[in-house]
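Visitor: Mind folding the following:
(2 chains)
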Amino acid sequence: MFRQVQKKAMPILHRLWKSWRYAKITLAFVVLSFVNMEKIKYFQPRTILMEPYSTLEYSVAVEDSISDTAILYKVSSKEGFPIYFYRELFTPVCFDNKCRPLTIRLYWNVTGRYLGFELPEGEFLSKTDHDPFTTEEYEKLNGILANESTPLASIDYNQLTVDANSHGLDDIDGIASATPQNLAPYVINGAAYTTYKLWHEINGPMKRKVQDLTIDDLSPALVLKILKSPVLVDKIWALERIDGYVEFTTELKEQVFELMKDDNYIIVEKALNAINVNELDSDNVQQRLMETLVHENYNIQIRVIEKIADCDALKTSVTMGLVENLGDLNGQVLKKALLVLGKQKLTSDIYFKIAELLRSENRFISNSVKMFLQNENIKEPQILTLLKEE
Amino acid sequence: MGKVERRSVLKAIGLASVGAMTPAVLNAEVLKEPYKVIGKSLKTDVLIVGGGTAGTIAAIQAGRAGARTILIESGSQLGGTMTTGGVTFPGIFHAWGKQIIGGIGWELVTDCVKLNGDKLPDFSIPPDRHWKHQVSINGFLYTLLAEEKCIEAGVGIRYYEAPTSVKFVNGEWVVHTMGKGIITQITCNQIIDCTGNASITSMAGFDVLRETETQPGSLIFQIGGYDYKALDLTKIPKQYHHVLRQNMVKNQLRTSAENTFVPYGYVYVPEADSSSSESHTMANRDGRSTLLNLIRKLRTFPGCENLRILDLKTETAVRETYRIDGEYKISHEDYLKGKVFEDAISNSFYPIDLHREGKTIYQEFLEPDVVASIPLRALIPKKSKNFLVAGRCVSSDRMANSALRVQASSMGMGQAAAAAAVLANKQGVSPLQVPVEDVKKLIREHGGILPITT
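Guide: Predicted coordinates for the structure are as follows:
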């Protein structure tokens, strides 16, 4: 059998090899056929890059023209981490009061962020007069759906039309010039309703359900994975779900403090907020905050010193560290550091150390220190003399 | 005895009682010497003229960096456009998911937000409209905090004073000011002109420029007493729809959960110019009379019978007057392309935003990931010594200026100008001679965010 096949195939292969040009054409044909057979799908970066293993179904209440509930699918890894979510959407899209069904699969990232869409084999999205979307329009749609901050969020269906006397929603996609100029970047021309509908599906109850389900699965390990996402909003989402959600394990602590070095202050602020007030009693956490205060720039320092101010009592080593570095602090950071020190029980040695700054070249520093010492119950004669001198 | 005697006795008792009961203070009235204008002489390292958006930040920075600092302000409070002008939504501090302007301006803004119990917008997601990342603040708090921070920084604030002459004598600036009952001579090493009008630059003898036609100013107000949604707009002329919509009382209220933007009402004031008492008086008068006529007109429309004015800002906020002719002029192209200069000392992010003839706004938006920058040279007038400016009079062409003039950028400039002035004072040189890396270091040490040079 094999010999027979080989006998027939060999001359063909031989001819192909002889003509490289022909081979290239053939190869291109095969590839194109494969592409044509592929479903149309567009995606954004996914946070959890693990292999799908299991799928669970959840019924979610929705305000749909077809049904009042929809099924949301959660796809998880073998280890039980949620990877992504999806739903099958079947909805009518109307043109000139004639409707055709649209079937599309919408995907969400574990953080609730839009992940992508996929059409069934042979299915395509269409505009006015059933013109199919171009590749550029699919790409634009993918971008629009990924944009959480868009006028589509706050406008009514009817505002999609130019003419206030138009028939409203149903014929939006049927009016060639229906898209108001200022909305043009946020919708696909000739498919405004489709765009609007899909955007609201993505950002509606399903999104909240996705986030709720991920929160149900939250663990330090899952938070760690999300914190390593290349997407900013994912990191922020995870940082906002540490305090009060999961145990602040050593690994998580490491990652949170690592993020405090980020050059994006939004991340730094969220990382600081992730530390629960109870953690502030820990020697280790106080020490790490001090290290961050010493090594980072002013904008981070100001947030760190505010966090340190939440500590009930500073460890002796941390107090000493703060005093040692006082002269290097500027502006509001110095002011806030002095307020922190004002709440601590300070020894005579510490007062002497602080009093050295009365001779700082920077008048702001020396004046700030002077005001601080004047408000303390200083008994050391040498410091009192210095205060009189200054 | 009779009645007369009795009356005399009662009178005597009454007088005695009044004498016994009268506090000494009622008898403290003395004739005072005639009101006279006193003279005073002061010496400082850095003098900042104008306590508006840029000047307040410049003063705090100079003081915190250890310089003896005096700030003179012709009005009664700090903040300028932010407070007296009522533009209480400074921006823009963030671009493309990152913070691009920080430092003292941002510190003041966030302190306001915290003390008012508000929340900041979510800056991680670039908004569909640039103004959604402007931070709505409580203007009253800004006034209080700005003053407190100046005092903490050791800044000598002098309200109600304005310069009458500026001369460079023996390597120092001698500035004469006139205020209520006082003429002051201030000798200083460095001047920062934060008047917004380049007034001090011009008085000092350096060139300033002005367009033939300038953008209108705005007098900001709030109105209420009507329900916009219930109005029959077909019965109200179209030109009034915008003002009614913009002033919806419902939208004026702060929803603390999403402190992004408070819509505001304003009337345009053509050619508003705050560079002299007379022109500023005219701008205020024009704005107020326009508003009064508007209120009268609006009240004639159905549904607006009970319309009333709820708030009116102290003065007309000005967009454009004079610009300096600086060591470098930022061009429209520089701005739109996000050119990063070697001596860039602040970022700037806002669309080109030119209010034309008080009717339309010409806007050009920066492309994704583009952030404009401001070189130190644009803050230094040509041929000047020991002199800087900050704020909307930055050296730039008209289009670039229409974007650079906004509050966050002015704050960034204020901080940078002060850093350069403090170092110039310390090093005994002119700002242009201070190594720019030193300026950048000082800005960074006080929280300023610098453009990233490749």
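
Visitor: contacts, neighbours, all on C-alpha from now
Guide: OK.

Visitor: pretty sure B:Asp311 is in a strand, no?
Guide: Yes: counting by DSSP: H, G, I helix; E, B strand; the rest coil, B:Asp311 is part of a strand.

Visitor: got the contact list for the residue in the stretch 1-150 of chain B positioned nearest to chain A?
Guide: For the stretch 1-150 of chain B and chain A, the shortest gap (C-alpha to the nearest C-alpha) falls at B:Gly66, measuring 4.3 Å. Shown in contact with B:Gly66 (C-alpha atoms under 8 Å, 6 or more residues apart in numbering or on different chains): A:361-365, B:422.

Visitor: how near is it to B:Ala153?
Guide: Applying C-alpha to C-alpha, to the nearest Å, the value for B:Gly66 to B:Ala153 is 8 Å.

Visitor: need the contacts of B:Gly66 in a markdown table with neighbour count, can you?
Guide: Putting those into a markdown table (neighbours: other C-alpha atoms under 10 Å in any protein chain shown) gives the following:
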| residue | neighbour count |
| --- | --- |
| A:Glu361 | 12 |
| A:Asn362 | 18 |
| A:Arg363 | 20 |
| A:Phe364 | 25 |
| A:Ile365 | 27 |
| B:Val422 | 29 |
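
Visitor: farthest pair in the residues you listed?
Guide: Spanning the widest gap among the contacts of B:Gly66 are A:Ile365 and B:Val422, at 15.1 Å by C-alpha to C-alpha.

Visitor: need the longest strand for chain A.
Guide: When chain A is parsed with DSSP state E, its longest strand is strand A:82-95.

Visitor: Tell me the backbone dihedrals of the residue of the stretch 1-150 of chain B closest to chain A, please.
Guide: The phi/psi pair for B:Gly66 (degrees, to the nearest 10) reads phi 100, psi 0.

Visitor: Domain-wise, how is the chain divided?
Guide: By default, I'm working from chain A. Segmentation of chain A into domains, based on automatic domain parsing, reads A:2-38, A:54-206.

Visitor: To clarify, I was referring to chain B.
Guide: Following automatic domain parsing, one gets these domains for chain B: B:38-211+B:319-445, B:217-312.

Visitor: These into JSON lines, with extra columns for mean pLDDT?
Guide: Converted to JSON lines, the domains of chain B look like this (pLDDT from 0 to 100):
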{"stretch": "domain B:38-211+B:319-445", "mean pLDDT": "95"}
{"stretch": "domain B:217-312", "mean pLDDT": "84"}
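
Visitor: Find the residue at the geometric middle of chain A.
Guide: By C-alpha atoms, centre = their mean, chain A has its centre lying nearest to A:Val233, at 1.4 Å.

Visitor: Identify the residues contacting A:Lys41.
Guide: A:116-119.

Visitor: The residues you listed: which two are farthest apart?
Guide: A:Gly116 and A:Leu119 (10.5 Å).

Visitor: Looking at the two, which one has more neighbours?
Guide: Neighbour count, other C-alpha atoms under 10 Å in any protein chain shown: between A:Gly116 and A:Leu119, A:Gly116 has more, with 23 against 19.

Visitor: Near chain B, which residues of the stretch 1-150 of chain A are found?
Guide: Proximity of the stretch 1-150 of chain A to chain B (C-alpha under 8 Å from any C-alpha of the partner chain) is limited to residues A:148-150.

Visitor: quick one, helices of the stretch 201-350 of chain A?
Guide: Secondary structure of the stretch 201-350 of chain A (DSSP state H, counting those that start in this stretch): helices at A:205-217, A:220-227, A:232-239, A:250-259, A:265-273, A:283-295, A:298-308, A:316-324, A:331-342, A:348-355.

Visitor: Near chain A, which residues of the stretch 351-454 of chain B are found?
Guide: Counting by C-alpha under 8 Å from any C-alpha, the residues of the stretch 351-454 of chain B that sit close to chain A are B:444-447.

Visitor: ok, now how distant is the residue nearest the centre of chain B from B:Ser165?
Guide: Centroid-nearest residue in chain B, with C-alpha atoms, centre = their mean: B:Gly80, separated by 2.4 Å. Distance check for B:Gly80 against B:Ser165: by C-alpha to C-alpha, it reads 22 Å.

Visitor: Next, the buried residues of stretch B:366-385.
Guide: Of all the residues in stretch B:366-385, those buried under the rule 16 or more other C-alpha atoms under 10 Å in any protein chain shown are B:366, B:370-382, B:384-385.

Visitor: Now tell me what touches stretch B:134-151 from outside.
Guide: Residues from elsewhere that reach stretch B:134-151 (C-alpha under 8 Å, 6+ apart): B:56, B:59-60, B:63, B:77-79, B:82-83, B:86, B:88-93, B:108-109, B:111-113, B:115-116, B:120-121, B:156-157, B:259-262.

Visitor: Which of the residues of the stretch 1-150 of chain A next to chain B has the largest number of neighbours?
Guide: Within the residues of the stretch 1-150 of chain A next to chain B, A:Thr150 tops the neighbour count with 20 neighbours, counted by other C-alpha under 10 Å.

Visitor: Phi and psi next, for the closest residue to that one other than its chain neighbours.
Guide: Of all residues not flanking A:Thr150 in the chain, B:Asp128 sits nearest, at 5.1 Å (C-alpha to C-alpha, 6 or more residues apart in numbering or on different chains). Backbone geometry at B:Asp128, expressed as degrees, to the nearest 10, gives phi -80, psi -20.

Visitor: what's around B:Asp128, how many residues?
Guide: 16.

Visitor: quick one, phi/psi of B:Val429?
Guide: phi -130, psi -180.

Visitor: Skip the chain neighbours and tell me the closest residue to it.
Guide: B:Asn386 (7.4 Å).

Visitor: Please tell me how far the one you found sits from B:Ser396.
Guide: B:Asn386 sits at a distance of 20 Å from B:Ser396 (criterion: C-alpha to C-alpha).

Visitor: likewise B:Gly51?
Guide: 22 Å.

Visitor: give me the subset of the contacts of stretch B:134-151 touching chain A.
Guide: Among those, chain A is touched by B:Gly63 when using C-alpha under 8 Å from any C-alpha.

Visitor: Show me which of the contacts of stretch B:134-151 are buried.
Guide: For these, buried by 16+ other C-alpha under 10 Å: B:56, B:59-60, B:63, B:77-79, B:82-83, B:86, B:88-93, B:108-109, B:111-113, B:120-121, B:156-157, B:259-262.

Visitor: circling back: I'd like the helices of the stretch 201-350 of chain A as CSV, with distance to chain B appended.
Guide: CSV is the format used below for the helices of the stretch 201-350 of chain A (distance: least, C-alpha to the nearest C-alpha, whole Å):
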stretch, distance to chain B
helix A:205-217, 17
helix A:220-227, 15
helix A:232-239, 7
helix A:250-259, 15
helix A:265-273, 7
helix A:283-295, 12
helix A:298-308, 5
helix A:316-324, 17
helix A:331-342, 6
helix A:348-355, 18
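
Visitor: got those as TSV, with mean pLDDT columns?
Guide: Shown next, in TSV, are the helices of the stretch 201-350 of chain A (pLDDT from 0 to 100):
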stretch	mean pLDDT
helix A:205-217	96
helix A:220-227	97
helix A:232-239	94
helix A:250-259	95
helix A:265-273	91
helix A:283-295	94
helix A:298-308	93
helix A:316-324	95
helix A:331-342	96
helix A:348-355	96
